[in-house]
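> what's the 3D shape of this:
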Amino acid sequence: MIKTLVSIDADLSSSIALRYACLLAQSRPVEIQTIHVQEPDSSGPGGLSMGTGWARKTYEKELIAQSKKDISRLLVAESGFCPVLNEPIIVPGDRGQEILNELQKGKYDLFVEGAQGKELGRHFRSHLYQHIEVPVLFVQNLYPPKRVIFLMENDHEPSILFNSVAQLLDGMELEIELAFITAPGRSLPQETVLNKLAEDYGWKVREIYQAPKDINTWKERIQGCDLLTTRVERHKSHPNINLDYLGQISCPFLFFWK
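Model prediction:
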């Protein structure tokens, strides 16, 4: 059972993220819990400061009540696509911290949220991404995972990344591409070894190549990608992956932390 926490707002990105989580549930047991965090608003209607005390508490209660209505509409709309959903968690507070608290308390295996690739930099710099321990599925489009690109830096990563992905996508027949971020001219791992490793998981290797350094070449190379997965060293101001590189991709990302 893959215990999954999905962050939702009343918007299209959240709808896509939720549907993707439900799509994964079609191939293996997945428990889906949704969460919406209503962050405090510094002003009330018309931009007037709400201050503290009774007025502020009353205003925040009204915001939570409205959030519950909006989220309920979203879940009702998605119930036909994903009929088995737990009651949503709707809480006020700091989004990153409240999600981290729930991930730790609930002992989840995966965190899912919907967003656009151009927002990657902001997400990686956030308190949430700098402290989250579980893998993150960053959903941009509803592509069923078939053609999956593994983006890696060295010869040691395939076995680690393969095992991590298999724990979440076990039972899916994947066609995979192995893209290595290496210095020009450096030899790639032996194809026979990588093919055998993929076969052990029931996957077929489409291609093994060096990831292009040029962004436009990279965009052309990965057209039709359904999912990109990589390992990230996140406790840095600049992650080990080029966010501009990944921001050109329209398919979902699956991040594992080093």
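> How about residues contacting stretch 247-258?
Stretch 247-258 has contacts (C-beta atoms under 8 Å, 6 or more residues apart in numbering) with 20, 117-118, 120-121, 132-133, 135-141, 143, 145, 161, 164-165, 168, 215, 218-219, 222, 225-234, 240, 246. All C-beta spots, glycine's among them, are computed from the backbone N, C-alpha and C.
> Just those: which are in strands?
Judged by DSSP state E, the subset of those located in strands is 136-139, 227-232.
> Throw these into a markdown table and include neighbour count and distance to residue 209, thanks.
Below are the ones in strands among the contacts of stretch 247-258 laid out as a markdown table (neighbours: other C-beta atoms under 10 Å; distance: C-beta to C-beta, whole Å):
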| residue | neighbour count | distance to residue 209 |
| --- | --- | --- |
| 136 | 21 | 25 |
| 137 | 23 | 24 |
| 138 | 22 | 23 |
| 139 | 26 | 25 |
| 227 | 24 | 17 |
| 228 | 22 | 14 |
| 229 | 24 | 16 |
| 230 | 21 | 15 |
| 231 | 20 | 18 |
| 232 | 20 | 21 |
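> now those residues as JSON lines including distance to residue 107 and pLDDT?
Converted to JSON lines, the ones in strands among the contacts of stretch 247-258 look like this (distance: C-beta to C-beta, whole Å; pLDDT from 0 to 100):
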{"residue": "136", "distance to residue 107": "16", "pLDDT": "95"}
{"residue": "137", "distance to residue 107": "17", "pLDDT": "95"}
{"residue": "138", "distance to residue 107": "21", "pLDDT": "93"}
{"residue": "139", "distance to residue 107": "22", "pLDDT": "92"}
{"residue": "227", "distance to residue 107": "25", "pLDDT": "93"}
{"residue": "228", "distance to residue 107": "27", "pLDDT": "92"}
{"residue": "229", "distance to residue 107": "22", "pLDDT": "93"}
{"residue": "230", "distance to residue 107": "24", "pLDDT": "91"}
{"residue": "231", "distance to residue 107": "22", "pLDDT": "90"}
{"residue": "232", "distance to residue 107": "22", "pLDDT": "86"}
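> Taking the residues you listed together, which two end up most distant?
Within the ones in strands among the contacts of stretch 247-258, two members stand farthest from each other by C-beta to C-beta: 139 and 231, at 18.7 Å.
> can I get the CA coordinates of stretch 4-15 in CSV?
Only the C-alpha atoms of stretch 4-15 are listed here, as CSV (Å, rounded to 0.1, in the frame of the first residue of the first chain):
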residue,chain,number,x,y,z
THR,A,4,-0.1,9.2,-0.6
LEU,A,5,-0.7,12.8,0.4
VAL,A,6,-2.0,15.1,-2.3
SER,A,7,-2.0,18.9,-1.8
ILE,A,8,-5.0,20.5,-3.3
ASP,A,9,-6.6,23.9,-3.9
ALA,A,10,-9.7,24.7,-5.8
ASP,A,11,-8.0,24.9,-9.2
LEU,A,12,-7.1,22.9,-12.3
SER,A,13,-3.6,22.0,-11.2
SER,A,14,-5.0,20.3,-8.2
SER,A,15,-7.5,18.4,-10.2
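> so for it, what's the average pLDDT?
Averaging pLDDT along stretch 4-15 yields 87.
> Give the buried residues for that stretch.
4-10, 13-15 (16 or more other C-beta atoms under 10 Å).
> And the contacts of that stretch?
17-18, 21, 24, 30-37, 67, 70-71, 73-74, 77-78, 88, 95, 99, 102-103, 106, 108-116, 139.
> mind redoing it with 7 Å?
17-18, 21, 30-36, 70-71, 73-74, 78, 99, 102-103, 106, 108-115 (C-beta atoms under 7 Å, 6 or more residues apart in numbering).
> again, but for stretch 194-207
158-159, 162, 166, 173-178, 208.
> How about stretch 181-193?
Against stretch 181-193 from outside (C-beta under 7 Å, 6+ apart): 151, 153, 155, 158, 180, 208, 210-211.
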